[in-house]
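>>> got a sequence here, can you build the structure:
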Amino acid sequence: MNFHIVYITASSREEAEKISRVLLEERLIACANILDPVASLFWWKGEIRKDAEALLIAKTKESLVDQLIERVKALHSYECPCIVSFPLVKGNPDFLKWISEETL
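Now for the predicted structure:
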């Protein structure tokens with residue numbers, strides 16, 4: 001079984017927590033970490049912007065990533081939310097087993 005870390009930015013801690021709770025309740029993730037505040041600088045609609053955001057880092061199975069992305073897009077306030085997934089190459093076998101047991 002393959003596992004992924006999913007990196008998601010949100011407009012606020014509250015939005016990150018709301019998204020995390022839904023993903024947890026629907027068993028799309030086993031765990032989420034929220035870092036707040038995060039300073040973000042980025043191009044948007046032809047100009048460089050700077051905003052404070054919250055960073056949500058979620059752990060899940062590879063098989064759930066596409067469903068997770070669609071669910072976050074439906075819940076998110078941004079027109080084009082950052083949702084990117086990275087494969088976990090190695091990890092504590094007990095932790096990876098726990099992810100597997102806590103997700104669909």
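>>> quick one: the helices in this protein?
With DSSP state H as the criterion, the chain has helices at 13-25, 65-75, 93-102.
>>> for the shortest one, which positions count as buried?
Read it as helix 93-102. 96, 99 (16 or more other Cβ atoms under 10 Å). Any C-beta I mention is one placed from the backbone N, CA and C, and that applies to glycine too.
>>> what's it in contact with?
Taking contacts as Cβ atoms under 8 Å, 6 or more residues apart in numbering, the residues outside helix 93-102 that touch it are 1, 3, 27, 30, 31, 59, 60, 61, 88.
>>> same check on the first one?
Residues external to helix 13-25 that are found in contact with it (Cβ under 8 Å, 6+ apart): 8, 10, 29, 32, 34, 36, 54-56, 58, 68, 71-72, 75-77.
>>> restricted to buried residues, select those in PyMOL.
Command for PyMOL that selects the buried part of those, burial taken from 16+ other Cβ under 10 Å:
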select buried, resi 8+10+29+32+34+54+55+56+58+68+71+72+76
